[in-house]
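Asks: please find the sequence and the predicted model below.
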Amino acid sequence: MLRLAVTIASIVEGEGEVRALPKLLFRLAKALSVPDLRVPAPMRVPRGKLTAVGGIERAVSAVAHRVGQAGGVLVLLDADDDCPASMGSALLARGRAARPDVPVSVVLANREYESWFLAAAASLAGSQGFPVGLSGPADPEGVRGAKEWLTRHRQDGRPYKPTVDQPLLSSAFDIEHARGRAPSLDKLCRDVQSLLIPASRPSPAPDRPPRGASDAVP
């Protein structure tokens, strides 16, 4: 049986996510045994423009043509001080209304993408400038200023820089461990699974991907 290539067209708000998100998506695809994933360069849209009237509608419409017979559109942005559930639901409804013919997913990292690294900080211990024995905060998604947390806990004297470090850490952190401590990452994993495996629609995605999602992809 011929297996269709799966394309995830994405929309992000930060420069770091432009390189980091594809790495995360390829890792999840590998864990789910999806061999032919295509991830066009994410479209970057500032948060204010994306959430403004007509913003997410224009963005989703602009990238939807990249999706073929399998896959969908993924919108990822930081929740900051907003409620991920309520804001995400509102944006999702708008995005799906703009292109009802294409699967659309909206995920808000609570509070920010870097919170996911804090959720699996122990898996970064002894690498990327972090000390051996590094452990994360009890409530990683409750930390205000995850980027600053990462800078404070480095031993190499370098500040955390999203455009450099976000892609590197996205290839290194333990996804499976992090999603157990960061509900917004767990949502991302479940949403991505529903986009990667079209045959699973409209059935809900399992709570967990297969073990091995923490394996890095070069």
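Replies: Great, that's in hand.

Asks: which parts of the longest helix along the chain are buried?
Replies: Looking across the chain with DSSP state H, the single longest helix is helix 15-31. Buried residues in helix 15-31, counted by 16 or more other C-beta atoms under 10 Å: 16-31. For the C-beta atoms, the positions are set from N, CA and C on the backbone; glycine is no exception.

Asks: now do the strands in this structure.
Replies: 6-12, 37-38, 43-44, 71-78, 104-109 (DSSP state E).

Asks: if I look at Tyr160, how far off is Leu196?
Replies: 29 Å (C-beta to C-beta, to the nearest Å).

Asks: just want the angle from the longest helix of the chain to strand 6-12.
Replies: 160 degrees (axes from the mean of the first three to the mean of the last three C-alpha atoms, to 10 degrees).

Asks: state the mean pLDDT of helix 15-31.
Replies: Mean pLDDT, helix 15-31: 97.

Asks: now it against strand 71-78, angle please.
Replies: Helix 15-31 and strand 71-78 are oriented at 130 degrees to each other (the same axes, to 10 degrees).

Asks: quick one: residues contacting Ala20.
Replies: Counting by C-beta atoms under 8 Å, 6 or more residues apart in numbering, Ala20 makes contact with Tyr113, Pro162, Gln166, Pro167, Leu169, Ser170.

Asks: can we see that at 6 Å?
Replies: By C-beta atoms under 6 Å, 6 or more residues apart in numbering, the residues touching Ala20 are Gln166, Pro167, Ser170.

Asks: residues contacting the closest residue to the first one other than its chain neighbours?
Replies: By that I understand Gln166. In this structure, Gln166 finds its nearest non-sequential neighbour in Gly16, 3.4 Å apart by C-beta to C-beta, 6 or more residues apart in numbering. By C-beta under 6 Å, 6+ apart, the contact set of Gly16 is Pro162, Thr163, Gln166.

Asks: just the residues you listed now: which is nearest Arg38?
Replies: Gln166 (21.4 Å; C-beta to C-beta).

Asks: gap between the closest one and Val18?
Replies: 9 Å.

Asks: tell me where the model's unsure across this structure.
Replies: 1-3, 198-218 (pLDDT under 70).

Asks: 50 - rerun?
Replies: When residues are selected by pLDDT under 50, those of the chain lie in 1, 199-218.
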